[in-house]
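> Fold the following and give me the result.
(one chain, ligands or ions: 1)
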Amino acid sequence: MAELATVAMHVDSREKSSPHRSRKMNFACKKLFTSASRALLVRKNLKDLPLKTFSTEILQPKAQKETITINFMKNGSKIPAKAKVGDHLLDVVIDNDIDLDGFGACEGTLSCSTCHLIFTDEQFKIIGTKPTDEELDMLDLAYDLVDTSRLGCQVFVTKEMNGWEIEVPAGVSDARDV
Ligand code: FES
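Coordinates of the predicted model:
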């Protein structure tokens, strides 16, 4: 605001020397005052406004994950489970409260190998992801390892798995105890 006052004083002194130029300057100065004070007003008003945030989650309901059925086979028993597409097989065991002794002991942090599962050759080919080096290292320590073994915490549920029977080994080996 101090700068604006200086401009006004300058215009006032010019008015005495040249009335024509002074009118032009006066108009320019008025414009400057108007836009500057408007900007100050807007800024003040904005500052006083309560801050509002909008969540897109309210506007867009979450898409429901498709659910399929997967059967875990343990010691000859078939344990059916509802599985959400996109979840890990470890999540399926947990969400369905399936009592598999020691299964998923490290909670999916890839450090125990207790979530070892055995697939058929056909199933193994269909699984969307290949095992990483870390998973293979952990599988080396798994109980009853076979060529089609995977860790349940690393395998995502896909639609193709609907109705699958997946074998749970008879025992577990916790890599953290080795
Ligand atoms: S839950 Fe431990 S490695 Fe999968």
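> interface residues of this structure facing the ligand?
90, 104-106, 108, 110-115, 138, 151, 153 (C-beta under 6 Å from any ligand atom). (Glycine included, C-beta is placed from N, CA and C.)
> Can you select the buried ones from those in ChimeraX?
Buried residues among the residues of the chain next to the ligand (16 or more other C-beta atoms under 10 Å), as a ChimeraX selection:
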select :90,104,105,106,108,110,112,113,114,115,138,151,153
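> show me what contacts G102?
Listed by C-beta atoms under 8 Å, 6 or more residues apart in numbering, the contact partners of G102 are 114, 172, 174.
> May I have the secondary structure class of the closest residue to I126 other than its chain neighbours?
Nearest residue to I126, sequence neighbours excluded (C-beta to C-beta, 6 or more residues apart in numbering): E160, at 5.2 Å. Here E160 is recorded as helix under DSSP: H, G, I helix; E, B strand; the rest coil.
> Quick one: neighbours of E160, just the number.
13 (other C-beta atoms under 10 Å).
> Any figure for the gap between the nearest residue to T120 once chain neighbours are set aside and the ligand?
Spatial nearest neighbour of T120, chain neighbours left out: T148 (6.7 Å); criterion: C-beta to C-beta, 6+ apart. Per C-beta to the nearest ligand atom, to the nearest Å, T148 is found 17 Å from the ligand.
> Dihedrals phi and psi, T148?
Phi and psi for T148, reported as degrees, to the nearest 10, are phi -110, psi 30.
> I figured it hits H116, correct?
No - contact criterion C-beta atoms under 8 Å: T148 and H116 do not qualify, at 11.2 Å.
> The two: who's more crowded?
Using other C-beta under 10 Å as the criterion, T148 and H116 rank with H116 on top: 26 against 16.
> so the more buried one sits right up against C153, yeah?
No - counting by C-beta under 8 Å, H116 sits too far from C153 to count as a contact (10.0 Å).
> That's all I had, so thanks and see you.
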